[in-house]
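Next comes the sequence, and after it the predicted model I'd like to discuss.
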Amino acid sequence: MPLLLEIVTPEKLAYSDTVDAVLLPGSEGELGVLPHHAPLVSMLGVGELRIRKGAETETFAIAGGFLQVRPDKVVVMAEMADMAADIDLERAAEARREAERALEGGFHEGADLAQARAALQVALLRQRVAERRHREGPRRRG
Amino acid sequence: MASQRDIRRRIRDVGRIKQITRAMQFVAASKLKRAQDATLAARPYSEKIDEVLADLAAVLGDQEHPLLGDRRDGKRLIVLITSDRGLAGPLNTNTIRYGARAITEHAGDLAVVSVGRKGRDAMRRSRVPLEAHFAGFGDRPAFADIIPLARLITDGFVNGEFGQIDIVFPRFVSTLVQRPTLDPLLPIKPTEDTEGIPGNQFIFEPDPGTVLEQLLPRYVATRLYQAVLEAKASEESSRMVAMKNATENADDLIAEYTLAYNKVRQANITREMIEIATGAQAR
């Protein structure tokens, strides 16, 4: 049975295709989904979403949101979902430096600090995902 | 009767106005395309959020979360979405008039949050209390822009300041039709999950209550985002049509003035010839 994967963000439908398996960051830890998975709704963390389709893999950097799993369909509702190939390396590095500056930039409290940390976490993730993709190119197996 | 020179100047002026209205028409057309695409692209996310909310509602009772409870105490809040700029035909007037009707019909305490300058100005003129104002979100509203607005509204509802929140915005029906609409936003009434797997068969991680808590603010933000995008598409299509009409009117005016100009010119020539003929006879 094919597994349909849809990745949606508030601004667009980022991905829609049948896949063999998907690995993603649940709020309670890494989560692998194959066809015939039990119905599940979970919160998502910040991390990498890896898609396996035949011999190819594809990576997304995702942050925040929800996941709905049915036996034949996975829907990822993320605040942010960037395909590794679409992330601009230099811009990602710049965003990371900016997030670090904001954190070092002195006095932080409560929500402000949490926000700055979250921003840095996302920036680091985007950079990591983009760098690996850049090094290895679209990965092929076998 | 106006002199030849006066009429010529008028034709030139109308021609310049026509250039501007035509340029605005084409700009609006291309922005409309973009706004329409954005509205369509945002739809899948909001449909999915609705679906998960329906699944959750099937598991949880109505009173599990403060955003779901039907409370009639607290002020009524209207979020009025208009455009920042004018020259968009009757769009803003219609939306504001529609909102004003809801405001005057409501007897109790009421406040307005305006999105877009036109709505704010109208509310100030009629002395309706403004809770907050957000400038319209530019040509490409981003989801992140909506977050502060959504937070203000959810916080106000959770702490009991507002008891009922509605959105008034011009719904985009087609390029020619934009309909002012009032959509209830809070309290949330989840739709019935009619297809797929019943909600109670889902496993929720970490647990239904936590998921709901995270989901509801996003639901509110998504609904607001949709309304802002539709208002944007409505604005551009209304402006496009208004400017098309203005360009056509300018063409009509130019034709009219050209006719008048030719008549005056003809009359002048005729008069001069009579004068010459009379002069020659008098010799």
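Thanks, I have the structure now.

bridging residues for B:L130?
Taking DSSP bridges as the rule, B:L130 bridges to B:V112.

so what's it up against?
B:111-114, B:120, B:123-124 (C-beta atoms under 8 Å, 6 or more residues apart in numbering or on different chains). Heads up, the C-betas are built off the backbone N, CA and C, glycines and all.

how about a cut-off of 10 Å?
B:80, B:111-114, B:119-120, B:123-124 (C-beta atoms under 10 Å, 6 or more residues apart in numbering or on different chains).

Mind checking which of those residues are buried?
Buried by 16 or more other C-beta atoms under 10 Å in any protein chain shown: B:80, B:111-114, B:119-120, B:123, out of these.

Which elements pack onto the helix or strand containing B:Q19?
Assigned by DSSP states H and E, B:Q19 belongs to helix B:4-59. In terms of contacts (3 or more C-beta pairs under 10 Å, 6 or more residues apart in numbering or on different chains; DSSP states H and E), helix B:4-59 is packed against strand A:3-8, strand A:13-19, strand A:40-53, strand A:56-70, strand A:73-83, strand B:162-172, strand B:203-205, helix B:208-282.

quick one: low-confidence ranges for the stretch 151-283 of chain B?
B:190-197, B:199 (pLDDT under 70).

Would you point out which residue of it is nearest chain A?
Residue of the stretch 151-283 of chain B nearest chain A, by C-beta to the nearest C-beta: B:E205 (3.8 Å).

Count the residues that sit near that residue.
19 (other C-beta atoms under 10 Å in any protein chain shown).

If we only consider the buried ones among the contacts of B:L130, which is nearest to chain A?
Using C-beta to the nearest C-beta, the buried ones among the contacts of B:L130 come closest to chain A at B:V113, 20.0 Å.

Return the residues in contact with that closest one.
Counting by C-beta under 10 Å, 6+ apart, B:V113 makes contact with B:77-81, B:119-120, B:123, B:130-134, B:149, B:152-153, B:156, B:162, B:165, B:167.

give me that answer again for 7 Å
B:77, B:79, B:131-132 (C-beta atoms under 7 Å, 6 or more residues apart in numbering or on different chains).

Three-state assignment for A:L24, please.
The three-state label given to A:L24 by DSSP: H, G, I helix; E, B strand; the rest coil is strand.

Not counting its neighbours along the chain, what's nearest A:L13?
Leaving aside its sequence neighbours, A:L13 sits nearest to B:P44 (C-beta to C-beta, 6 or more residues apart in numbering or on different chains; 4.8 Å).

For that neighbour, report the pLDDT, please.
pLDDT for B:P44: 89.

Surely it and A:V8 touch.
Yes: the pair B:P44 and A:V8 qualifies as a contact (C-beta atoms under 7 Å) at a distance of 4.6 Å.

If you count surrounding residues, which of the two has more?
A side-by-side neighbour count of B:P44 and A:V8, using other C-beta under 10 Å, places A:V8 first with 25 against 20.

dump the residue contacts of that one.
A:14, A:75, A:77, B:44-45, B:48.

that older thread, among the contacts of B:L130, find me the one that's closest to B:Y225.
Closest approach to B:Y225 among the contacts of B:L130 (C-beta to C-beta): B:V113, at 14.9 Å.

how near is that closest one to B:A150?
Counting by C-beta to C-beta, to the nearest Å, the separation of B:V113 from B:A150 is 11 Å.

And the residue nearest to A:M43 when sequence neighbours are not counted, how far from B:G74?
Closest residue in space to A:M43, ignoring its immediate chain neighbours: A:S27 at 3.9 Å, by C-beta to C-beta, 6+ apart. For A:S27, the distance to B:G74 equals 32 Å [C-beta to C-beta].

check which helix or strand covers B:T93.
helix B:91-105.

Equivalent analysis for A:R133, please.
helix A:110-136.

So in terms of bridging, what pairs with the residue nearest the centre of chain A?
Central residue of chain A (C-alpha atoms, centre = their mean): A:I62, 2.2 Å from the mean position. Using DSSP bridges, the bridge partners assigned to A:I62 are A:G47, A:A81.

That one and A:I7, how far apart?
For A:I62, the distance to A:I7 (C-beta to C-beta) stands at 8 Å.

what's the answer for B:I188, then?
From B:I188 to A:I7 the distance is 25 Å (C-beta to C-beta).

who has more neighbours, those two?
Between B:I188 and A:I7, counting by other C-beta under 10 Å, A:I7 is the more crowded of the two (26 against 20).

dump the residue contacts of the more buried one.
A:14-15, A:60, A:76, A:78, A:81.

repeat that for 8 Å
Here A:I7 is in contact with A:13-16, A:49, A:60, A:62, A:76, A:78, A:81 (criterion: C-beta under 8 Å, 6+ apart).

Including pLDDT, could these go into TSV?
Output for the contacts of A:I7, formatted as TSV (pLDDT from 0 to 100):
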residue	pLDDT
A:L13	89
A:A14	89
A:Y15	89
A:S16	91
A:L49	91
A:F60	88
A:I62	88
A:V76	93
A:A78	90
A:A81	85
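
Just name the closest of those to B:V59, please.
So of the contacts of A:I7, ranked by how close each gets to B:V59 (C-beta to C-beta), first place is A:V76, at 20.8 Å.

Just to check, the closest one is in contact with A:E6?
Yes: between A:V76 and A:E6 there is a contact at 7.0 Å, judged by C-beta atoms under 8 Å.

For those two, indicate the residue with more neighbours.
Each of A:V76 and A:E6 has its neighbours counted (other C-beta under 10 Å); A:V76 has more, 25 against 18.

If anything else comes up later, I'll come back, but that's it for now.
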